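Asks: Just the structure for this:
(one chain, ligands or ions: 1)
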Amino acid sequence: MVFVEKGPEKFDVVVVGGGPAGMMAAIQAADSGAKTLLIEKNRSLGKKLLLTGKGRCNLTCAVYDNKEFIEKIGKNGKFLFEALKNFGPLKTINFFEKRGLKLKEERGKRIFPVSDEASAVLDLLVKTLKEKRVSFKLGEKLADFKTKDGKIEYVEMASGEKVFGENFILATGGKSYPVTGSTGDGYAWAEKMGHNIEHLFPSLSPIQTEEDWVKVAEGTSLKNVKLKIFQDEKKSAEYFGEMLFTHSGVSGPIVLLASQEMGPVLAAGKKVRLEIDLKPAVEFNELDLRLQKDFKLKAHTDFKNYLPDLAPKSLADLIMFLSGLSARKKLFEITREERRSLVKILKGLKLNVKDLTGYSLAVVTRGGVDLKEIDPKTMRSRKVKNLFFAGEILDLDGPTGGYNLQICWSTGFLAGKSAGSVYNLE
Ligand SMILES: Cc1cc2nc3c(=O)[nH]c(=O)nc-3n(C[C@H](O)[C@H](O)[C@H](O)COP(=O)(O)OP(=O)(O)OC[C@H]3O[C@@H](n4cnc5c(N)ncnc54)[C@H](O)[C@@H]3O)c2cc1C
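Replies: So this is what the prediction gives:
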């Protein structure tokens, strides 16, 4: 009898990172006929995906014009042109609906599962991975990439085990919400293999302010307000919508959007100031006139009792503190100067930005693997022949509203299809 020593198993495609981008890539690689392995250091897949959309998963957006989508992404958006052409929001919606997940569109073109459960999105992906016979290594951390002659020869697990493959897809995500497993491991490997990493910043993050009086208003949410951003005293942007006060600053939808550009600006040493217009529907003088009229009509009312007419009740103490007006002051006793400084507060509550809250609470990471070094038609590295990238590890990030997950589906699709259909690259 002849004994043949069995060598290590070899895969056509090895995908590292079991988030949305890695799962989509593995499905597409296997769908192209490739023997595929998915490596994830958590014991289960898609830990961050379960947190998305406050547990409801805003999985894409009803933006079917690729130009419109690209504009929303900003200066790096053009890189996505091919990926969106191959697998944009419409094809993503079809992908999920065809497999039985009912979807709905909400305000702002945001698409959610009808069940409002992110777990339904994850279950579908896991079921599809199994149907496509993708192999898994769960609860096992990848430690290193070993290259030879400009190609990856194998990857090494933290246990020391070697995993061999023809093609490799790196989809380890960014650095935000590290508790979910996204600890930025992939950047170091990409850098070691010759890739440039564009400066990393937390994005879509709460903002910390220098003023600690925000504590007084912690938990107060503001609707229909205007948020103006000033960089070195020059207005740079404005947003309209909802926000809220936290114990150390501000957060909420328009604050997260405003934070997108802030990382690089703060790093460059610029001073960033916020101004909240609590009454955007009326001009300064119009509001002043309204107060004059009210102060006459309700002359003997205490200032404190009048305040709920002007702003959310929970802001009353804060407004009294900032205006220096006492609770018991009668409206007829308020001087012209005091009234006008009250209007100033209502039309432009000023806050100086100390910093972004950081990766622990940022929705995404700005920066990442330099797009110039990746072929946008295949997601293949221009530095390492058998390496492909997908998802947040790339220097791509979008606003809230389903754009970030769509980047994962689109780049994951293309990386998986390309890596799964081209072997033995020269
Ligand atoms: C709270 C929150 C809410 C969000 N809501 C939305 C939303 O509603 N809509 C939207 O479009 N976007 C949303 N996002 C953004 C979205 O979740 C991310 O853009 C997306 O998850 C990125 O996917 P990814 O596959 O690139 O990376 P990730 O989801 O970060 O997955 C990467 C995976 O790689 C694994 N990994 C890392 N290192 C290793 C290693 N050494 N070995 C093995 N495995 C490793 C990690 O454990 C992780 O599971 C939200 C983000 C957060 C934090």
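Asks: show me the contacts for the residue in the stretch 251-400 of the chain that the ligand sits nearest to.
Replies: Distance from the ligand to each residue of the stretch 251-400 of the chain (C-beta to the nearest ligand atom) is smallest for Gly391, at 2.3 Å. Yep, even glycine has a C-beta here, placed from its N, CA and C like the rest. In this structure, Gly391 makes contact with 17, 19-22, 171, 173, 407-408, 411-412, judged by C-beta atoms under 8 Å, 6 or more residues apart in numbering.
Asks: Show me the two of these that sit farthest apart.
Replies: Across those, the longest distance by C-beta to C-beta is 14.2 Å; it joins Gly17 and Ile407.
Asks: Of the contacts of Gly391, which belong to helices?
Replies: In helices, judged by DSSP state H, the following of the contacts of Gly391 are found: 20-22, 407-408, 411-412.
Asks: Please tabulate the residues you listed in a markdown table, including the columns pLDDT and distance to the ligand.
Replies: Below are the ones in helices among the contacts of Gly391 laid out as a markdown table (pLDDT from 0 to 100; distance: C-beta to the nearest ligand atom, whole Å):
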| residue | pLDDT | distance to the ligand |
| --- | --- | --- |
| Pro20 | 98 | 4 |
| Ala21 | 98 | 3 |
| Gly22 | 98 | 5 |
| Ile407 | 98 | 7 |
| Cys408 | 98 | 4 |
| Thr411 | 98 | 8 |
| Gly412 | 98 | 7 |
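Asks: Just the closest of those to Lys10, please.
Replies: Gly22 (19.5 Å).
Asks: Looks like the closest one contacts Val15 (just checking).
Replies: Yes: judged on C-beta atoms under 8 Å, Gly22 makes contact with Val15 at a distance of 4.9 Å.
Asks: Tell me the confidence at Leu310?
Replies: Per-residue confidence for Leu310 comes out at a pLDDT of 89.
Asks: so the residue nearest to it when sequence neighbours are not counted is in which element?
Replies: Nearest residue to Leu310, sequence neighbours excluded (C-beta to C-beta, 6 or more residues apart in numbering): Leu346, at 6.5 Å. Assigned by DSSP states H and E, Leu346 belongs to helix 336-347.
Asks: Is Pro8 located within a strand, as I assumed?
Replies: No: assigned with DSSP: H, G, I helix; E, B strand; the rest coil, Pro8 falls outside any strand and is coil.
Asks: For it, give me the pLDDT.
Replies: pLDDT, Pro8: 74.
Asks: For it, the count of nearby residues, please.
Replies: Close neighbours of Pro8, defined as other C-beta atoms under 10 Å, add up to 9.
Asks: That one is in contact with Phe164, isn't it?
Replies: Yes: between Pro8 and Phe164 there is a contact under C-beta under 8 Å: 5.7 Å.
Asks: Spit out the residues that contact the two alike.
Replies: Joint contacts of Pro8 and Phe164 (C-beta under 8 Å, 6+ apart) do not exist.
Asks: What residues does this protein have near the ligand?
Replies: Applying C-beta under 6 Å from any ligand atom, one finds that the chain approaches the ligand through 16-22, 39-42, 47-49, 51-53, 57-58, 141-142, 171-173, 176-177, 181-183, 185, 363-364, 391-392, 402-405, 408.
Asks: can you do 5 Å?
Replies: 17, 19-21, 40-42, 48, 51-53, 58, 141-142, 172-173, 177, 181-182, 185, 363, 391-392, 402, 404-405, 408 (C-beta under 5 Å from any ligand atom).
Asks: Generate a PyMOL selection restricted to the buried subset of those residues.
Replies: Buried residues within the residues of the chain next to the ligand, by 16 or more other C-beta atoms under 10 Å, are selected in PyMOL with:
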select buried, resi 17+19+20+21+40+41+42+48+52+53+58+142+172+173+177+181+182+185+363+391+392+402+404+405+408
